[in-house]
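Asks: task: produce atomic coordinates for the following.
(2 chains)
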Protein chains: 2
Amino acid sequence: MRRWLEGYSRRDLIDDGLAGVITAILLIPQSLAYAMLANLPPQAGLYASMLPPILYAFLGTSRTLAVGPVAVAALLVASTLSGHGISDPAVALIYALILAFEVGVLLLLLGTFRAGKLMNFLSHPVLSGFTTGAALVIVVSQIKHLTGIPASGHTVPSTLAGLAAGWPQIQPLTVVLGSAAMASLWLAGAPLSRLLRHWRLPDRLVLVAGKSAPLVVVLAGTAAVALGHWDADHRVAVVGALDLGLPKPNIGFLTASQPWLDLLPSAALIALIGYVESVSVAKVLASRRRQRIDPDQELIALGAANLGAAFTGAMPVAGGFSRTVVNDTAGARTPLAGIITAFLVGLAALYLHGLFIHMPQAILAAIIVVAVLNLVDVKTLRQAWQYDRTDAAALLATLFGVVMLGVEQGLLLGLTLSLLLFIWRTGHPHIARVGRVPGTEHFRNIERHTVDTWPGLLLVRVDENLCFANAGPVEDFILEALTDAPDTRHVILIASAVNAIDVSALEMLQGLIKNLRTQGITLHLTEVKGPVMDRLERIGLPDRLSPGRVFLHTHQAVQALTDPAAPCPGSSHCPDRVRT
Amino acid sequence: MRRWLEGYSRRDLIDDGLAGVITAILLIPQSLAYAMLANLPPQAGLYASMLPPILYAFLGTSRTLAVGPVAVAALLVASTLSGHGISDPAVALIYALILAFEVGVLLLLLGTFRAGKLMNFLSHPVLSGFTTGAALVIVVSQIKHLTGIPASGHTVPSTLAGLAAGWPQIQPLTVVLGSAAMASLWLAGAPLSRLLRHWRLPDRLVLVAGKSAPLVVVLAGTAAVALGHWDADHRVAVVGALDLGLPKPNIGFLTASQPWLDLLPSAALIALIGYVESVSVAKVLASRRRQRIDPDQELIALGAANLGAAFTGAMPVAGGFSRTVVNDTAGARTPLAGIITAFLVGLAALYLHGLFIHMPQAILAAIIVVAVLNLVDVKTLRQAWQYDRTDAAALLATLFGVVMLGVEQGLLLGLTLSLLLFIWRTGHPHIARVGRVPGTEHFRNIERHTVDTWPGLLLVRVDENLCFANAGPVEDFILEALTDAPDTRHVILIASAVNAIDVSALEMLQGLIKNLRTQGITLHLTEVKGPVMDRLERIGLPDRLSPGRVFLHTHQAVQALTDPAAPCPGSSHCPDRVRT
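Replies: Numbering: from 1, shown residues only, chains lettered A, B, ... in the order given. Sure thing, here's the model as predicted:
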């Protein structure tokens, strides 16, 4: 039993109950919509909102994370299905269950090895580019439901081409329904909140009014279709009759002859995106209440939730960003709110399935479009553009990759780019030849400051950890500086900014020591940090340096290696003073 | 024309001529052997030693790099061929030409974008594990030629299984030939050198004697086979009759209907390994003579050499480690030595092809085995094991991957592992809560030192660049420290070891500022380095910090934010002093 159950109060129950109801009102139409987005039968979304959040409630470390179907994971499922050419809903469902199972196993494995930090390789600009791109892909993918034009396609260009070709088949009533729904949902957002606040209504009531808009719109749209016989008379597409009920334990997919191994990369991407989205929102909300999120335990909890999804016939799940914020704002205090939400969704599945018969798909599409427009993130792009063009380029490449090539391809492109950028940056360390600021014990870049240098002495400071990505460049810098100053006898490597030295860099240093020795040059180290020195001593580097030494301070090194009475003045008199 | 042609002297010519002859004597049998290792016709190796080194001589920046067929690239070609199920020599040659072409184009592209530093992502332990593993795979792959037992297999286990199954077909004369050749080659190495030096022979003569051993062994073995009719009477496998001559320009492969795209990943691996091997040996030798290697120009030169290989019917080329050392030791002064070598190989192809009719494959296999045993590198493993177990694990994983799974698979495994390790380490930055050493202005880790702390003040020092891989962990550390010290009013982030902040970390900082503000806590920065501060100012971070400030020194920050008259003594009296 989790800690939150200890000392649970009546006040907590009231808050959790209200938050649970509000979230359920939002979740029921969203579940149907995201199942449609994933090209799965509606129950795959509804069932994803039942057992998975309950499992998360008992295993997760966030008190308010709302686990269930989410837009981006649904899009990735849709992309996987179309990549495998699956259109039969029954087969599609089996694929989705396999994906959920694999997502669960991957997350559990990572959690078991406490490898949550490996998920950090998704940089923020790449995530932002991916999310914005995914939102655009989702919006374009829903145009067919909002217009009635049949069109399919992996990517935005092919979908748009299909829509353009099918233009004559546009269904006016569907367009009206979809547009009215989008307009209502938009009005029920910020404008309605402002109005109700203006009327001084209590905050929670404002929230209920805003967040029940999707349900109201669905009910109104369904009523209109049913009363006007629009589905039968005007070809307005509806969800149709469903045999729902509560989810039944289902392990049939385990023996399915589907391409388990081929689905693994897609599952890995869903796991990555789902986990990153969940943990980032959970962290923000938890820290506001000074609560902690354990990233490794989150892997376990989300892994269990996805296994729960797989075994109850549901699509892969994650913690949804907007729904979690709603749950939190609605006053949820503990995961009991999520359990209450799950029960309400279950009740809806049991007793409201008659609604589906006339529920128009255009309304669900409108809900999706309005929800994902919140994912479009221009702020990060603007900031990245100002701050670091390479990060902005990674963001744009990911965005265009997602839109033009496909969701998975774009994400892989972004991941590769961010790793390459990381290596590239580490491979371009800031290295400076330094000299002494006259009259002080401070050493500064000779290219930026007027400093003293000494003939026969080369002082180099590396402002980066030494590792495989920059061992070569660091060596090149020193060797190049030596060809410019051929009378050098001592090279002093200032390690004040070096927090770590890996084996590749260690080999480079050892090679450099030997190499310099054959040229009659001695390498010395100064200002080596404690932990770095501990390791170097373990393999006896100080002995190998000999006659080179390890000095505590650069100043000491210079004093020991020069006649301190005769430093070159801070000008160009010295023969070894080179401006490169 | 390259710089080395200016001021070329008669003395240079004599040295280059001798070095060229010595290298050619070594190269001719090696070219045949490496073609056999790659499962290609012998001319693919000989031709690789003609035009490609001449192109390199005019474009490269190393004066002594010996470009031609190399063992590891040959193994990668063999692995690609067997991966595609190719055994017909004519088809295999077309594949090899496509690979050489793609390697050339990739290197030229990288060179055009001056992206030599991207090649740095191959860490030294992974390279060591790969090379050792490749040497073992090569040795095992040659057992069939040394014993006459027919066996094939991608990996060491499957090849060994094939050899075990074919055991009864062992050919005693082949075993004798191969063993005698290996023993002779081994004796002609260090033992012969020692003996000749003992007799005070000149160094260059010692070198000639040692390095002509492969040629002598080939000639002796061929003579034995021809005179004893061992090929006809005892099934000793021979190279056989060849229509050689000089290479003819050949662009026929460009229109071949082979899987160009499928070969690209293999070509990328060959390009990577070939380039890294070439540049690392070129660098070591150049620095001894205080010459420079331009990594980007090397991409161009090696790219051109590989295109030259493709268009003259040769296998992919690189700078060979051992051959380059021989060339250098033999006294080569300029790339003219390489051009002389190339002409000598051409003469051999023109006039010595009669030799091939009775040349035993067992002798070539012996040459390969003795050559690649030098690649087995135990030193790096031993050092990595002492210095950093994770690097040692990456080395061993690569080695076992190469041996058990296959060459390409093992290399990819190693590359992935070294990237993951890199991210993992960056994701585990050293972060410390610090306090003031009593009576000084120095701040140290509160877990290691007895220091002053102040109630309401949290001082955190991060010893790592802030980037996407550790933005989360840094934030977690601060938030966790705050849950331990709930009365904190000010958080001071000491950035003395931060050389860079990327967009992901910037977003984290901005989120943290806002998040802390909602809790009534102010974030301050101290000791921010100049270049980092420049960037932060560009996007107005100091304003967003407000009322938080950027202090030059931590000491100033503490003085400004506390009543300096009343620091907590360096003990556990302070309420916010927590040991975690």
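
Asks: quick one: low-confidence parts of the stretch 151-300 of chain A?
Replies: Along the stretch 151-300 of chain A, the model assigns pLDDT under 70 to residues A:154.

Asks: for it, which residues are neighbours of chain B?
Replies: Residues of the stretch 151-300 of chain A that fall close to chain B, judged by C-beta under 8 Å from any C-beta of the partner chain: A:279, A:283-284, A:287-288, A:290-293, A:295. Yep, even glycine has a C-beta here, placed from its N, CA and C like the rest.

Asks: show me these that map onto strands.
Replies: Taking DSSP state E, every one of those sits outside strands.

Asks: looking at the residues you listed, which is nearest residue B:457?
Replies: Using C-beta to C-beta, residue A:290 comes nearest to residue B:457 of those, at 17.4 Å.

Asks: ok, the closest one touching residue B:485?
Replies: No: using C-beta atoms under 8 Å, residue A:290 is not in contact with residue B:485; the gap is 10.4 Å.

Asks: in the stretch 251-400 of chain A, what residue is nearest chain B?
Replies: Residue nearest to chain B within the stretch 251-400 of chain A (C-beta to the nearest C-beta): residue A:391, separated by 3.9 Å.

Asks: who touches that residue in this structure?
Replies: Counting by C-beta atoms under 8 Å, 6 or more residues apart in numbering or on different chains, residue A:391 touches A:123, A:125, A:384, A:421, B:502-504.

Asks: neighbour count winner among residue A:290 and residue B:485?
Replies: Set side by side, residue A:290 and residue B:485 show more neighbours around residue B:485, with 19 against 13, by other C-beta atoms under 10 Å in any protein chain shown.

Asks: coming back round to it: possible to save the contacts of residue A:391 as CSV with pLDDT and neighbour count?
Replies: Shown next, in CSV, are the contacts of residue A:391 (pLDDT from 0 to 100; neighbours: other C-beta atoms under 10 Å in any protein chain shown):
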residue, pLDDT, neighbour count
A:123, 83, 29
A:125, 88, 34
A:384, 88, 27
A:421, 80, 21
B:502, 88, 27
B:503, 88, 29
B:504, 86, 27
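
Asks: out of those, flag the one nearest to residue A:449.
Replies: When those are ranked by distance to residue A:449 (C-beta to C-beta), residue B:502 comes first, at 27.3 Å.

Asks: so that closest one touches residue A:384, yeah?
Replies: No: under the criterion of C-beta under 8 Å, residue B:502 is not in contact with residue A:384, lying 9.3 Å apart.

Asks: in helices only, show me the residues of the stretch 151-300 of chain A next to chain B.
Replies: Taking DSSP state H as the definition of helices, these contribute A:279, A:283-284, A:287-288, A:295.

Asks: show the buried residues in those residues.
Replies: Buried residues within these, counting neighbours by 16 or more other C-beta atoms under 10 Å in any protein chain shown: A:279, A:283-284, A:287, A:295.

Asks: what about the helix or strand of chain A with the lowest mean pLDDT, distance to the chain center?
Replies: Counting by mean pLDDT, DSSP states H and E, chain A has its least confident helix or strand at helix A:203-211, which shows a mean of 77. Centroid separation for helix A:203-211 versus its chain: 29 Å, with C-alpha atoms, centre = their mean, to the nearest Å.

Asks: next, the angle helix A:203-211 makes with the helix or strand just after that helix.
Replies: For helix A:203-211, the following helix or strand on the C-terminal side (DSSP states H and E) is helix A:213-228. Orientation check (axes from the mean of the first three to the mean of the last three C-alpha atoms, to 10 degrees): helix A:213-228 against helix A:203-211 gives 40 degrees.

Asks: put the alpha carbons of the following helix or strand past helix A:213-228 into PDB.
Replies: Per DSSP H and E, the first helix or strand lying C-terminal to helix A:213-228 is helix A:230-233. C-alpha atoms of helix A:230-233 as PDB (Å, rounded to 0.1, in the frame of the first residue of the first chain):
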ATOM      1  CA  TRP A 230     -28.100  12.400 -40.400                       C
ATOM      2  CA  ASP A 231     -26.100   9.200 -40.300                       C
ATOM      3  CA  ALA A 232     -28.700   7.300 -42.400                       C
ATOM      4  CA  ASP A 233     -29.800  10.200 -44.700                       C
END
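
Asks: list the contacts of helix A:230-233.
Replies: Identification of contacts with helix A:230-233 by C-beta under 8 Å, 6+ apart yields A:173, A:177, A:224-225, A:236-238, A:358, A:360.

Asks: now these in JSON lines, with neighbour count and secondary structure?
Replies: Below are the contacts of helix A:230-233 laid out as JSON lines (neighbours: other C-beta atoms under 10 Å in any protein chain shown; DSSP: H, G, I helix; E, B strand; the rest coil):
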{"residue": "A:173", "neighbour count": "19", "secondary structure": "helix"}
{"residue": "A:177", "neighbour count": "27", "secondary structure": "helix"}
{"residue": "A:224", "neighbour count": "18", "secondary structure": "helix"}
{"residue": "A:225", "neighbour count": "24", "secondary structure": "helix"}
{"residue": "A:236", "neighbour count": "26", "secondary structure": "coil"}
{"residue": "A:237", "neighbour count": "19", "secondary structure": "coil"}
{"residue": "A:238", "neighbour count": "21", "secondary structure": "strand"}
{"residue": "A:358", "neighbour count": "23", "secondary structure": "helix"}
{"residue": "A:360", "neighbour count": "26", "secondary structure": "strand"}
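
Asks: just the closest of those to residue B:414, please.
Replies: Nearest to residue B:414 among the contacts of helix A:230-233: residue A:237, at 52.1 Å, using C-beta to C-beta.

Asks: just give the nearest non-adjacent residue to that closest one, would you?
Replies: Once flanking residues are discounted, residue A:237 sits nearest to residue A:361: 4.5 Å by C-beta to C-beta, 6 or more residues apart in numbering or on different chains.

Asks: what does residue A:340 give?
Replies: residue A:20 is the one closest to residue A:340 (C-beta to C-beta, 6+ apart), at 2.9 Å.

Asks: so the one you found: helix, strand or coil?
Replies: Classification of residue A:20 by DSSP: H, G, I helix; E, B strand; the rest coil places it in helix.

Asks: quick check: it vs residue A:338, distance?
Replies: Separation of residue A:20 from residue A:338 (C-beta to C-beta, to the nearest Å): 7 Å.

Asks: shared neighbours, those two?
Replies: Contacts common to residue A:20 and residue A:338, judged by C-beta under 8 Å, 6+ apart, are residue A:332.

Asks: neighbour count winner among those two?
Replies: Using other C-beta under 10 Å as the criterion, residue A:20 and residue A:338 rank with residue A:338 on top: 33 against 25.

Asks: and the more buried one, what's its pLDDT?
Replies: pLDDT for residue A:338: 89.

Asks: then the strand or helix carrying it to PDB, C-alphas only?
Replies: If you go by DSSP H and E, residue A:338 is part of helix A:336-351. What follows is helix A:336-351, C-alpha atoms only, in PDB (Å, rounded to 0.1, in the frame of the first residue of the first chain):
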ATOM      1  CA  LEU A 336      -7.700   7.900  -5.400                       C
ATOM      2  CA  ALA A 337      -8.900  10.600  -7.800                       C
ATOM      3  CA  GLY A 338      -7.600   8.400 -10.700                       C
ATOM      4  CA  ILE A 339      -9.300   5.300  -9.300                       C
ATOM      5  CA  ILE A 340     -12.600   7.200  -9.100                       C
ATOM      6  CA  THR A 341     -12.100   8.400 -12.700                       C
ATOM      7  CA  ALA A 342     -11.500   4.800 -13.800                       C
ATOM      8  CA  PHE A 343     -14.700   3.600 -12.100                       C
ATOM      9  CA  LEU A 344     -16.700   6.300 -13.800                       C
ATOM     10  CA  VAL A 345     -15.300   5.400 -17.200                       C
ATOM     11  CA  GLY A 346     -16.300   1.800 -16.400                       C
ATOM     12  CA  LEU A 347     -19.800   2.800 -15.600                       C
ATOM     13  CA  ALA A 348     -20.000   4.800 -18.900                       C
ATOM     14  CA  ALA A 349     -18.800   1.700 -20.800                       C
ATOM     15  CA  LEU A 350     -21.400  -0.400 -19.100                       C
ATOM     16  CA  TYR A 351     -24.400   1.900 -19.400                       C
END
